[in-house]
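Undergrad: Here is the input, now give the coordinates:
(one chain, ligands or ions: 1)
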Amino acid sequence: MPTSDITEPFVAVTDVKHYIFCPRIVYFERVLHAKPVFGSQQEEGGEKHEEYVRKELRRKDAVYYSPDFIGAQKLLFVNLISPKLGLTGQLDCIIKTVKGEFIPVDYKNMGSNHGKVWMDHKYQLVAYALLVEERYNTIVKRMFVNYIPEKLILEVEITPTMKTHVKRVIGHIKRIISDEKLPPIRVAKHKCTGGCGYRTLCKRSI
Ligand code: SF4
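TA: Just a heads-up that it's a prediction; the model follows:
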């Protein structure tokens with residue numbers, strides 16, 4: 001039986017990613033329901049992402065990230081929901097090894113942070129890990145981020161501290177949605193380059 005209050009809104013995994021990048025994005029999307037304004041390049045990027053992940057689905061051989069994955073199953077575009085956490089999302093790929101390990105994989109149609117995983121991507125994957133744990137009654141210890149343009153696949157260890165942090169973030173997101181209050185600007189100015197899609201609206205709100 002779900003233990004959450006059913007009147008509480010569900011948080012999407014992408015909300016977690018947005019909150020880590022900038023909590024104001026959550027406000028614009030979930031409270032104002034404003035559409036982000038992106039350039040045509042970014043929209044095209046979205047289509048390529050889908051194509052790339054679908055190609056992965058067509059690959060006959062096992063996942064190539066590690067020899068541990070020989071014989072592993074790939075579950076693609078998995079819809080996940082946790083009534084307990086009030087969290088939902090669709091994960092690009094879950095690797096299920098022959099030993100029964102579940103490993104989330106996310107594909108990004110953009111560059112890495114100088115060879116490392118961006119902070120918002122990291123916590124997005126941790127949120128997926130929480131969903132995978134609940135769905136498959138397992139403990140997720142690692143994940144992969146695949147930066148498509150760089151052909152770079154990065155493995156990240158998932159610690160209990162990271163999971164606790166994401167649970168706290170889910171609480172903050174629920175509060176933004178229920179209180180309907182614009183969060184203060186917390187991000188460094190260099191991040192406000194328009195990539196969030198809300199630059200114009202945000203300026204109006206400052
Ligand atoms: S412009 Fe900057 S402060 Fe405003 S929503 Fe975007 S990232 Fe956040």
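
Undergrad: starting at the chain centroid, how far to the helix or strand hosting Leu154?
TA: For Leu154, the host element (DSSP states H and E) is strand 152-157. Centroid separation for strand 152-157 versus its chain: 14 Å, with Cα atoms, centre = their mean, to the nearest Å.

Undergrad: what do you get for stretch 141-157?
TA: For stretch 141-157, the distance to the chain centre is 13 Å (Cα atoms, centre = their mean).

Undergrad: buried residues in it?
TA: 142-148, 153-154, 156 (16 or more other Cβ atoms under 10 Å). C-beta: built from backbone N, CA, C; applies to glycine.

Undergrad: just stretch 192-203 next, same as before
TA: 192, 196-198, 201-202.

Undergrad: Stretch 88-104 now?
TA: 88-89, 91-97, 101-104.

Undergrad: In strands, which of the residues you listed fall?
TA: 88-89, 91-96, 102-104 (DSSP state E).

Undergrad: The one helix or strand Thr200 maps to near the ligand anywhere?
TA: Using DSSP H and E, the element containing Thr200 is helix 199-205. Yes: for helix 199-205, a contact with the ligand is found by Cβ under 6 Å from any ligand atom, at 199, 202.

Undergrad: before we move on, back to that, what's the strand holding Leu154 in contact with?
TA: Residues from elsewhere that reach strand 152-157, judged by Cβ atoms under 8 Å, 6 or more residues apart in numbering: 65-66, 112, 115-117, 122, 125, 141-147.

Undergrad: Quick check: which of the buried residues of stretch 88-104 are also close to the ligand?
TA: Contacts with the ligand are made by none of the buried residues of stretch 88-104, judged by Cβ under 6 Å from any ligand atom.

Undergrad: Could you export these as JSON lines, including pLDDT?
TA: Shown next, in JSON lines, are those (pLDDT from 0 to 100):
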{"residue": "Thr88", "pLDDT": "97"}
{"residue": "Gly89", "pLDDT": "97"}
{"residue": "Leu91", "pLDDT": "95"}
{"residue": "Asp92", "pLDDT": "92"}
{"residue": "Cys93", "pLDDT": "91"}
{"residue": "Ile94", "pLDDT": "94"}
{"residue": "Ile95", "pLDDT": "92"}
{"residue": "Lys96", "pLDDT": "94"}
{"residue": "Thr97", "pLDDT": "92"}
{"residue": "Glu101", "pLDDT": "95"}
{"residue": "Phe102", "pLDDT": "97"}
{"residue": "Ile103", "pLDDT": "95"}
{"residue": "Pro104", "pLDDT": "96"}
